[in-house]
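*Asks:* Pasting the sequence and the predicted coordinates here, then a few questions.
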Amino acid sequence: MKRNYLFYWFAVLLLLFTSARSYAEVYSGSCGANVNWTLDTGTGLLEITGSGKMEDYDENNNNRTPWYYHSFYIMKCTIGNGVTSIGNQAFYCCSRMRSITIPNSVTSIGNLAFNVCDGLTSITIPNSVTSIGDGAFSGCHGLTSITIPNSVTSIGDGAFGSCTGLTSITIPNSVTSIESYAFCDCTGLTSITIPNSVTSIGDQAFLNCTGLTSVTIGNSVTSIGDQAFLNCTGLTSVTIGNSVISIGDQAFCDCTRLTSITIPNSVISIGYYAFYECN
């Protein structure tokens with residue numbers, strides 16, 4: 001009797017699975033002059049193929065990706081070799097996407113390209129990429145690790161903002177500037193080393209990184225922006241390179257565990273409340 005009962009439920013589950021597959025749809029179209037896409041809702045695979053740039057999209061102007069209304073089905077994505085860019089907001093709110101393969105032909109990742117892709121836990125950026133756009137990975141709360149290749153020269157405004165699961169990140173020597181809000185609200189980060197290639201740290205670049213305990217600022221940095229490390233309440237150690245000329249307003253304000261810091265002779269200006277509430 002028990003065996004018959006189990007067989008019955010197995011048959012029901014098999015029927016449901018078969019029915020679900022039979023209702024699966026395949027959608028396709030273009031997402032660039034010579035770039036096409038195909039989505040199989042049954043497998044959850046989005047394939048982007050062709051050559052050249054992907055189109056840029058803008059949610060605020062109702063210019064959405066052609067797979068926007070099917071994004072719930074996207075579990076993984078492969079981008080074919082030949083595609084040279086990931087467009088603005090290309091995967092905006094694809095919250096169930098778990099993995100993506102980016103080929104060496106891609107040279108740029110657009111603004112908000114992976115915004116609120118909560119399902120992504122890791123991503124490999126190929127050595128061909130030179131720029132990461134504004135807010136490119138912002139709100140990717142599940143992202144725990146990412147490797148930025150030596151080809152990248154700029155990290156856009158808020159590029160990794162609110163990536164709360166990110167525990168470590170390596171900034172390569174090719175990067176020359178860290179823009180405003182680049183890593184703000186990355187509460188899981190515990191340490192950061194800013195290489196000698198970087199010349200400026202933007203306003204609020206590490207704002208509210210409460211888990212950050214140590215920061216090493218390279219010898220080529222000349223300016224630390226306003227509120228760059230505001231409210232980094234876990235920060236206990238800061239090394240400032242000997243090329244820093246200015247420390248912005250509230251740069252280390254509310255870093256309540258910071259008990260000592262050495263300011264190099266190169267510094268000629270310290271902004272208002274730069275070290276306010278630093279015990």
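*Replies:* Right, received. Where do you want to start?

*Asks:* The residue nearest the centre of the chain and residue 260: what is the separation?
*Replies:* For the chain, residue 137 is the residue whose C-alpha lies nearest the centre (CA atoms, centre = their mean; 2.6 Å). Using CB to CB, to the nearest Å, residue 137 is found at 34 Å from residue 260. Quick note: C-beta positions are derived from backbone N, CA and C, even for glycine.

*Asks:* How about residue 75, nearest residue that isn't a chain neighbour?
*Replies:* Distances taken as CB to CB, 6 or more residues apart in numbering place residue 44 nearest to residue 75, at 3.0 Å, with adjacent residues excluded.

*Asks:* Test my guess that that neighbour contacts residue 73.
*Replies:* Yes - using CB atoms under 8 Å, residue 44 is in contact with residue 73, at 5.6 Å.

*Asks:* So those two - more neighbours on which side?
*Replies:* residue 73 (21 against 17; other CB atoms under 10 Å).

*Asks:* Please list all residues in contact with the residue nearest to residue 75.
*Replies:* By CB atoms under 8 Å, 6 or more residues apart in numbering, the residues touching residue 44 are 73-76, 96.

*Asks:* Hmm, residue 215 is touching residue 229, no?
*Replies:* Yes - between residue 215 and residue 229 there is a contact under CB under 8 Å: 6.9 Å.

*Asks:* With neighbour numbers in mind, choose between those two.
*Replies:* Neighbour count, other CB under 10 Å: between residue 215 and residue 229, residue 229 has more, with 30 against 25.

*Asks:* Surely that one and residue 209 touch.
*Replies:* Yes - shown here, residue 229 and residue 209 form a contact pair, counting by CB under 8 Å, at 7.4 Å.

*Asks:* what is in contact with these two at once?
*Replies:* By CB under 8 Å, 6+ apart, no residue touches both residue 229 and residue 209.

*Asks:* Need the pLDDT of residue 23.
*Replies:* What the model reports as pLDDT for residue 23 is 61.

*Asks:* ok, now residue 279?
*Replies:* Per-residue pLDDT puts residue 279 at 76.

*Asks:* so who does residue 217 touch?
*Replies:* Contacts of residue 217 (CB under 8 Å, 6+ apart): 194, 201, 224, 238-241, 244.

*Asks:* hang on, I meant residue 264
*Replies:* So residue 264 contacts 240-244 (CB under 8 Å, 6+ apart).

*Asks:* Equivalent analysis for residue 268, please.
*Replies:* Neighbours of residue 268 in contact, by CB under 8 Å, 6+ apart: 245-246.

*Asks:* now it: how far from residue 208?
*Replies:* 28 Å.

*Asks:* cool, and residue 72?
*Replies:* 31 Å.

*Asks:* can you check residue 174 too?
*Replies:* Taking CB to CB, one finds residue 174 at 27 Å from residue 208.
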